[in-house]
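S.K.: Next one to model:
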Amino acid sequence: MDPARMGHALEPGRVTLDEKMTVRKAIEDANIPFTYVSANCFGGYFAGNLSQLGSLLPPRDKVCIYGDGNAKVVFMDEDDIGTYTAKALDDPRTLNKTLYLRPPENILSQRQLVEKWEKLSGKTLEKVEVSAEEFLASMEGCLTNFEIGEEGEEAFDLYPEVQYTRMDAYLKRYL
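M.R.: Okay, the predicted model is just below:
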């Protein structure tokens with residue numbers, strides 16, 4: 001996540017983002033060339049488990065849907081993060097900017113991710129709704145609710161030749 005865009009984050013995650021901003025400020029104050037990579041939700045932590053806490057594997061029978069389940073986030077395969085990062089290393093278009101990894105087919109809601117899993121697995125999961133109040137409603141959509149602007153670049157636009165892993169293909173690993 002881009003800590004510069006997470007001012008509304010709540011504790012305990014807030015402290016980590018604040019620490020990242022301290023490091024960024026030191027880099028920029030020292031005039032050290034940089035490219036920050038905002039990779040969003042690593043598939044290994046957030047996709048394979050359908051965004052369930054406490055597990056890295058897909059649930060077998062029921063899934064908790066947080067809030068209304070329609071807030072969109074970006075799910076990324078870790079190998080794709082490495083590919084985009086390597087491409088940006090010597091690319092002058094990313095110098096002193098943030099590279100945002102937001103391939104369009106991987107911007108999904110939790111409900112869409114669950115639907116992909118159900119289609120792939122052939123099994124319908126029981127949905128247990130967890131109210132927005134119970135699960136940090138203020139965080140909804142925080143990874144895609146902004147325009148990138150001049151201070152950043154969209155990796156999908158810069159490197160259209162990358163055949164990134166779509167989340168339905170990612171989920172097939174768990175079948």
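S.K.: and Pro103, what is it in contact with?
M.R.: The contact partners of Pro103, taken as C-beta atoms under 8 Å, 6 or more residues apart in numbering, are Val74, Met76, Asp80, Ala155, Phe156, Tyr164. All C-beta spots, glycine's among them, are computed from the backbone N, C-alpha and C.
S.K.: mind putting those in TSV, secondary structure and distance to Arg93 included?
M.R.: What follows is those, written out as TSV (DSSP: H, G, I helix; E, B strand; the rest coil; distance: C-beta to C-beta, whole Å):
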residue	secondary structure	distance to Arg93
Val74	strand	20
Met76	strand	20
Asp80	helix	19
Ala155	helix	10
Phe156	helix	13
Tyr164	coil	18
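S.K.: where exactly do the helices run in the protein?
M.R.: With DSSP state H as the criterion, the chain has helices at 13-29, 43-46, 78-88, 110-121, 155-158, 167-171.
S.K.: right, and those helices - which one's nearest Val37?
M.R.: helix 78-88 (5.2 Å; C-beta to C-beta).
S.K.: Any idea how many residues pack against Glu126?
M.R.: 8 (other C-beta atoms under 10 Å).
S.K.: For it, list the residues it contacts.
M.R.: So Glu126 contacts Asp61, Lys62, Val63 (C-beta under 8 Å, 6+ apart).
S.K.: Kindly supply the PyMOL command isolating those of these that are buried.
M.R.: Buried subset of the contacts of Glu126, written as a PyMOL selection, criterion 16 or more other C-beta atoms under 10 Å:
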select buried, resi 63
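S.K.: I'd like the contacts of Glu126 as a markdown table, with distance to Ala30 appended.
M.R.: Formatted as a markdown table, those follow (distance: C-beta to C-beta, whole Å):
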| residue | distance to Ala30 |
| --- | --- |
| Asp61 | 53 |
| Lys62 | 51 |
| Val63 | 46 |
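S.K.: Go through the contacts of Glu126 and say which is closest to Ala86.
M.R.: Val63 (34.3 Å).
S.K.: Test my guess that that closest one contacts Thr124.
M.R.: No. Between Val63 and Thr124 there is no contact under C-beta atoms under 8 Å: 10.2 Å.
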